[in-house]
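> I would like to see how this sequence folds:
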Amino acid sequence: MRFSQDHIRQWREDGFCVIENFFTEEEYLPLLADFEMLYGSVAPPPGKDEAMVIPEDDENLKELKGEVFKHIDTLPYYGSPELNLCSLHPDLIAFARALLGVPEVHLYQSHTWAKYTGLTDYEQTFHCDFGNHTLTCPAEEEALRTVDFIFYLTDVSAEDGALRYVTKPDARAILGHDRPISGIELDEHYALVEREKIAAVPAGSLLAHGIDTFHRGTNLTSPGGRRFSMTVGFKAAGNDQIAFHAWQTGAGRPWENLMPFATPDQLACLGVPLPGDPFWTPRTVEVTEARWPGIDMEPYKRGLTGSE
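Numbering: from 1, shown residues only. As a prediction, this is how the structure comes out:
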């Protein structure tokens, strides 16, 4: 396993943990070609790749800050099968199950995200992510919570937009309560800055946080800098309080880059029933196999009632 009980304890107590080199070079280096294909054309040319700093009183602030989330894409990706399966890495699934303490999890969010020095000012105030993940609030019971992973494909220093975060105990001490909120006052933000930690880590590293953990993005200031990352969210299977993407609505997306290459365990994280589930009949197996040429339906055929 690529994680330990200490990582699980830290995530549950602090709302955050970091595992350096979670992914090997053999796993993440090929994905750089996908990112270059998807986002390389937006990189500022030499001479225009110096840090952009937007004054808070700039009348174009809202429009300029909108660039922060411009270069994001959603699963399935117009890239290699390896890029598409990265969100469903077996050890990532195992880690999510261990953190939530549940036997099965579903992937509910997967993004690629490219940031470049000079495209915009990426500086953010502290916030929690739950506002667009649930209509209620983060649960207290571990099994009803969520875990969000951030995976870096590039080395990320303080000058390359390293994420800042505040542990849950520190946030409670500063704010005087443990109610997660999506927005805070400016004086509270600066108080949190005084206690913030920085996730400056090498490529291949994994950050795990909860949607009720205060964190913020930071600006890229190194000339020619870039930050390639993936954001991946898991929840317990059947936890309908949590949502972000509905994979079924992306029928026109390149699922052929994922479906034929995924294992039954990986597909189950997308809501595809496991072999042996009552959904599977000779007809549903046949139709699914016809829909996705190259998909391995043998495990599902073996799971049919009465099969050896």
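
> after the worst-scoring helix or strand of the chain on mean pLDDT comes which helix or strand?
Using mean pLDDT, DSSP states H and E, the weakest-scoring helix or strand in the chain turns out to be helix 61-65, at a mean of 54. As assigned by DSSP states H and E, the chain's next helix or strand after helix 61-65 is strand 72-74.

> does Gln109 count as helix, strand or coil?
Secondary structure, DSSP: H, G, I helix; E, B strand; the rest coil: Gln109 is strand.

> got a list of what it touches?
The contact partners of Gln109, taken as CB atoms under 8 Å, 6 or more residues apart in numbering, are 133, 148, 231-233, 244-245. (C-beta placed from N, C-alpha, C; glycine too.)

> Now do the contacts for the nearest residue to it once chain neighbours are set aside.
Among residues not flanking Gln109 along the chain, Gly233 sits closest, at 3.4 Å (CB to CB, 6 or more residues apart in numbering). Counting by CB under 8 Å, 6+ apart, Gly233 touches 107-110, 133, 146-149, 244.

> mind listing what the residue nearest to Asp170 when sequence neighbours are not counted touches?
In space, and not counting its chain neighbours, Asp170 is closest to Arg195: 4.5 Å by CB to CB, 6+ apart. With contacts taken as CB under 8 Å, 6+ apart, Arg195 has the following neighbours: 166-167, 170-171, 173-174.

> Could I have the PyMOL command that selects the buried members from the residues you listed?
Here is the PyMOL command that selects only those of the contacts of Arg195 that count as buried (16 or more other CB atoms under 10 Å):
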select buried, resi 166+167+170+171+174
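
> Export the contacts of Arg195 as CSV, with columns for secondary structure.
Formatted as CSV, those follow (three-state DSSP):
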residue, secondary structure
Val166, coil
Thr167, coil
Asp170, helix
Ala171, helix
Ala173, helix
Ile174, helix
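
> Looking at the contacts of Arg195, which is nearest Phe126?
When those are ranked by distance to Phe126 (CB to CB), Val166 comes first, at 6.9 Å.

> you'd agree the closest one is up against Arg172?
No - at 9.8 Å, Val166 does not count as touching Arg172 under the criterion of CB atoms under 8 Å.

> Can you name the two of the contacts of Arg195 that sit furthest apart?
The most distant members of the contacts of Arg195, if one measures by CB to CB, are Thr167 and Ile174, lying 10.5 Å apart.

> Now Ile19. Its backbone dihedrals?
Note on Ile19: backbone dihedrals following degrees, to the nearest 10 are phi -120, psi 110.

> residue contacts, it?
2-3, 7, 205-206, 208 are the contacts of Ile19 under CB under 8 Å, 6+ apart.

> swap the cut-off to 6 Å and go again
Leu206 (CB atoms under 6 Å, 6 or more residues apart in numbering).

> Can you list the low-confidence ranges for this protein?
The chain contains residues with pLDDT under 70 at 56-66, 178-183, 306-308.

> quick one: the strands in it?
Listed in chain order, the strands of the chain (DSSP state E) span 16-19, 72-74, 105-116, 146-152, 163-165, 197-199, 206-209, 215-216, 226-236.

> Glu50: which of these is closest?
Of all the strands of the chain, it is strand 105-116 that lies closest to Glu50, at 11.2 Å by CB to CB.

> Paired strands for the closest one, with orientation please.
strand 72-74 (antiparallel), strand 226-236 (antiparallel) (DSSP bridges).

> could I get those strands as JSON lines with distance to Val287?
Output for the strands paired with strand 105-116, formatted as JSON lines (distance: least, CB to CB, whole Å):
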{"stretch": "strand 72-74", "distance to Val287": "26"}
{"stretch": "strand 226-236", "distance to Val287": "28"}
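
> Out of those, which one sits most buried?
Among those, strand 226-236 has the highest mean neighbour count (mean count of other CB atoms under 10 Å), at a mean of 24.
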